[in-house]
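**Student:** the amino acid sequence is not available; the structure is as follows:
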């Protein structure tokens, strides 16, 4: 979901005990060795006890079985549905929200994508939209991204997906608008107050890791089917990055600057408006960028509740396993994501440049903007009035050749590679995944719980130990412990493979700017291409297995990890590398002895993000044979009597995510200390 | 500086004027060509007031889409309705009866739980009769397998071949591939109660199931799994049903103890209570709509295999079967 992620989406909170590290430095080496030994000891004890206690207290639950909690959740859901029309909360609260958002979405749709009452076409045709998009990109960014925008938008038309793309754009823009309306004030608040920040963080974690499938059906109960529900689902998922990054931006304004303002007699409001906000503008724009990317990641899922746009094309094509058509629509989503990403990135860089260069160019620029606006206005007028400028000409022949190309490629891969891939799959499944999964699912739950808490304490300290203990307790309470362990096994295997891949490619990208430039667009594409598109060829290659789910997770998670590692490698001071070279180190030694150790912070952050991204693919994994939590969630979405269980499984995914996020973050803070 | 600015401004105005003059002499205006593009929405403007908007849920499988395409086509062309198709999963579509967002579900597979919730308890939906299609659910094998080992189509012989069905997922037993989470399955209970040496593996989606069968037929692999018909995929690979102990009324009453085949589902139509009382001609159409499995397969094949749009597929079938259509709207 995050293209070009230079900034971590979960900025680490500032360390509370800044004074400690200096004293701890001499002991650090000793402690690290002993820590490794403790981890080893825990694992050995686990294995021994596993051999003795295997198969007891495993808390297994068959696919159709429910616990009391699941039944209770079902009842709650049913009673909401039954009382919908008489409940004042609905009549005066949810319905009003729905009305406002629906009006907004419909307004934007009538503007660019859907015909309004008397007009057979939207108010602004393709020429006008291309003109506006190009002009805005140029005005907030530069002429290069403006060209990219014009090319990208024209490409939608050539693909034969103009209207679908505009529907998606309308929905994305509305959702991003609503999200930012809440996210930026909340982010500023969380940036100013530590307490608000602490209270908000768990909610944000929850919003980001709770699988959308879980709340999609209830949302339509609250906000009815259509644009409003789709927008709200998107807002829930897309707002957290903006809140987090805004808070982070406010927090990273140097304290001295704020103090200087204070000593000049600025009030709280003044220092917020004149110092904090302007100084954090660049990072806040990055937050907007992340929100847009997250919103685009929801396009296909929102299509399941009748959200119009490209997502619908993808889902419909897959009903008949039409990979080509699905790929064509997926490609449009990728292009839109890349365009929006580059434009917002350019905008954030420009903030900086504009501040530095200042005055002289400004006057001339103003003239240019006026001229550009005039041209754009003409284009909009034309596209409003004339059919040729309103309806994209042509049959979208580029689209059909993209589709048939993708079909051919996917057939070729299926025909020629499946023998190879099967061997690899079986080796990995039997050699690594199965034993590991057995260890997790067949151990008594309290043993696994104790091991997790122990690892939490050793790696992350007492506080993360407590968090782990709470998470383990709640996992047991959800009633899907055994499924959670199955999912955990696949998740960890996927994360290990993601990291192996990410280190190799990340180091390569970090060391060679050319490689970076070549690989990066592919990474962007892998992150925003809806997984539904590549699931069909993957299924053909690996069958409906846990391995397919693991591969899909790697495709989605590795790009983020690669980008973070490449960034870390690049940030190793050039002088250090030169010193090592002149000391006679060869390339291998430089990488293993200098660059990787010095990029340790980036490596732990990459692991953290890799894990979270892998977890966010659990549900997609459930669609291709991973079973366990992912399947529970999907089944809960499809079958009324399994709704409660699906919700519980969704909670379990959140709990796994929170647990690992806290452990890895605490561990990262320790290693960097 | 000032002079430069004036130049720019002049340039902009110039471009604008040029653009305007260029276009002034050519190009149709939006709204002028009402004859061309909107025949479907106001084909018979006179009657559209009577029918109004008809909200048709479209559940995500091709067979359903075939039903919906034909009903929508007839409603628009013959009754002058404004049909709004909504792509929804079953659960959400039924939920829509209560909120007034959905008028009709045009192919329903059983779903006794939903019937109880929305028809009996909430009274927001009513039954609108059978579609004429018969739905089969069961265990299927690819045709090559049924040909090479004809005795495999009887459940009694399945254990003999269990080892052949082993995969990396099935933990040493034969794999029974279950799939679409939208359907209730008794397969775990069946495997247990028939004492078969198989393990149910959840593929998780129809896509995964179809891909598994397609690959199995092509590479002559051993696959047995849960499937159903009518289904467009049967036209591509005619899967063969495995005989399970015969279904008798009530033999599936206790989910834990099921040891018999799935019943034959009479697929039916469900409409919202409000829609049934509205007097809309679209309701009569939905109520009268029936056709055969072959009819549905034909339209589904147009959509899935020949890649026609639902509208084009519907038109092709309606043009060829006018008498059937007339019986629905008389």
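**Tutor:** It's in. Being a predicted model, the structure only gives us computed values, none of them experimental. Residues are numbered from 1 along each chain as shown, chains lettered A, B, ... in the order given.

**Student:** low pLDDT regions in the stretch 1-150 of chain A?
**Tutor:** Along the stretch 1-150 of chain A, the parts satisfying pLDDT under 70 run over A:1-33, A:63, A:84-85.

**Student:** which residues of the stretch 51-200 of chain B fall in helices?
**Tutor:** B:62-77, B:90-99, B:112-114, B:143-148, B:187-193 (DSSP state H, counting those that start in this stretch).

**Student:** a markdown table for these, including distance to residue A:557, mean neighbour count and mean pLDDT?
**Tutor:** For the C-beta atoms, the positions are set from N, CA and C on the backbone; glycine is no exception. Output for the helices of the stretch 51-200 of chain B, formatted as a markdown table (distance: least, C-beta to C-beta, whole Å; neighbours: other C-beta atoms under 10 Å in any protein chain shown; pLDDT from 0 to 100):
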| stretch | distance to residue A:557 | mean neighbour count | mean pLDDT |
| --- | --- | --- | --- |
| helix B:62-77 | 33 | 25 | 91 |
| helix B:90-99 | 29 | 25 | 85 |
| helix B:112-114 | 37 | 15 | 83 |
| helix B:143-148 | 37 | 16 | 92 |
| helix B:187-193 | 32 | 19 | 87 |
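
**Student:** dump those helices to TSV, plus distance to residue A:45.
**Tutor:** Shown next, in TSV, are the helices of the stretch 51-200 of chain B (distance: least, C-beta to C-beta, whole Å):
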stretch	distance to residue A:45
helix B:62-77	54
helix B:90-99	46
helix B:112-114	47
helix B:143-148	48
helix B:187-193	35
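
**Student:** of all the ones you listed, which one is nearest residue A:416?
**Tutor:** In terms of C-beta to C-beta, the element of the helices of the stretch 51-200 of chain B nearest to residue A:416 is helix B:143-148, at 21.0 Å.

**Student:** ok, and what's touching that closest one?
**Tutor:** Residues from elsewhere that reach helix B:143-148 (C-beta atoms under 8 Å, 6 or more residues apart in numbering or on different chains): B:152, B:153, B:216, B:217, B:220, B:222, B:223, B:237, B:238, B:239, B:240.

**Student:** please repeat the previous calculation with a cut-off of 10 Å.
**Tutor:** Outside helix B:143-148, the residues that touch it by C-beta atoms under 10 Å, 6 or more residues apart in numbering or on different chains are B:140-142, B:152-153, B:161, B:164-165, B:213, B:216-224, B:237-242.

**Student:** now the helix or strand containing residue A:370, how far from the centre of its chain.
**Tutor:** Using DSSP states H and E, residue A:370 maps to helix A:359-385. Distance of helix A:359-385 from its chain centroid, counting by C-alpha atoms, centre = their mean, to the nearest Å, is 35 Å.

**Student:** tell me which residues in it are buried?
**Tutor:** Buried positions in helix A:359-385, judged by neighbour count with 16 or more other C-beta atoms under 10 Å in any protein chain shown: A:367, A:371-372, A:374-376, A:378-385.

**Student:** what subset of these is also close to chain B?
**Tutor:** Restricting these to those touching chain B (C-beta under 10 Å from any C-beta of the partner chain) yields A:367, A:371, A:372, A:374, A:375, A:378, A:379, A:381, A:382, A:383, A:384, A:385.

**Student:** TSV for these, including pLDDT?
**Tutor:** Converted to TSV, those look like this (pLDDT from 0 to 100):
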residue	pLDDT
A:367	81
A:371	87
A:372	87
A:374	89
A:375	88
A:378	88
A:379	87
A:381	85
A:382	84
A:383	82
A:384	83
A:385	82
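
**Student:** measure how far the helix or strand harbouring residue B:271 is from the centre of its chain, please.
**Tutor:** Using DSSP H and E, residue B:271 sits within strand B:265-272. The chain centre lies 13 Å from the centre of strand B:265-272; the measure is C-alpha atoms, centre = their mean.

**Student:** on that earlier part again, list the helices and strands the helix holding residue A:370 packs on?
**Tutor:** Under the contact criterion of 3 or more C-beta pairs under 10 Å, 6 or more residues apart in numbering or on different chains; DSSP states H and E, helix A:359-385 touches helix A:126-140, helix A:323-357, helix A:387-390, helix B:2-24.

**Student:** mean pLDDT lowest for which of the ones you listed?
**Tutor:** Mean pLDDT per stretch puts helix B:2-24 lowest among those, at a mean of 54.

**Student:** any idea which of the buried residues of helix A:359-385 is the one closest to residue A:537?
**Tutor:** residue A:383 (38.4 Å).

**Student:** what's the closest residue to chain B within the stretch 201-350 of chain A sitting at in phi/psi?
**Tutor:** Residue nearest to chain B within the stretch 201-350 of chain A (C-beta to the nearest C-beta): residue A:320, separated by 3.7 Å. When read as degrees, to the nearest 10, the backbone of residue A:320 gives phi -110, psi 20.

**Student:** ok, it touching residue B:232?
**Tutor:** Yes: the pair residue A:320 / residue B:232 is scored as a contact, 6.8 Å apart, by C-beta atoms under 10 Å.

**Student:** any common contacting residues for these two?
**Tutor:** Joint contacts of residue A:320 and residue B:232 (C-beta under 10 Å, 6+ apart) are B:61, B:62, B:65, B:210, B:300, B:301, B:303, B:304, B:305.

**Student:** what sits against the second one?
**Tutor:** Going by C-beta under 10 Å, 6+ apart, residue B:62 touches A:316, A:319-320, B:69, B:206, B:230-233, B:296-297, B:299-305, B:310.

**Student:** how about a cut-off of 8 Å?
**Tutor:** Listed by C-beta under 8 Å, 6+ apart, the contact partners of residue B:62 are A:319, A:320, B:231, B:232, B:300, B:303, B:304.

**Student:** look up the closest residue to the second one, ignoring the ones flanking it.
**Tutor:** Sequence neighbours aside, residue B:304 is the residue nearest to residue A:320 in space, at 3.7 Å (criterion: C-beta to C-beta, 6 or more residues apart in numbering or on different chains).

**Student:** what about that neighbour, how many residues nearby?
**Tutor:** 25 (other C-beta atoms under 10 Å in any protein chain shown).

**Student:** quick one: terminal-to-terminal distance for stretch A:112-130?
**Tutor:** For stretch A:112-130, the separation between the terminal residues is 11 Å (C-alpha to C-alpha, to the nearest Å).

**Student:** name the residues that touch it?
**Tutor:** Contacts of stretch A:112-130 (C-beta under 8 Å, 6+ apart): A:106, A:109-111, A:132, A:150, A:153-154, A:157, A:162-163, A:166-167, A:169-170, A:308, A:376, A:379-384, A:386-387, A:389-392, B:30-31, B:34, B:37-38.

**Student:** pull out the buried members of these.
**Tutor:** A:106, A:109-111, A:132, A:150, A:153, A:157, A:162-163, A:166-167, A:169-170, A:308, A:376, A:379-384, A:386-387, A:389-392, B:30.

**Student:** most proximal residue of the stretch 351-500 of chain A with respect to chain B?
**Tutor:** When scored by C-beta to the nearest C-beta, the stretch 351-500 of chain A has residue A:371 as its residue closest to chain B, at 3.5 Å.
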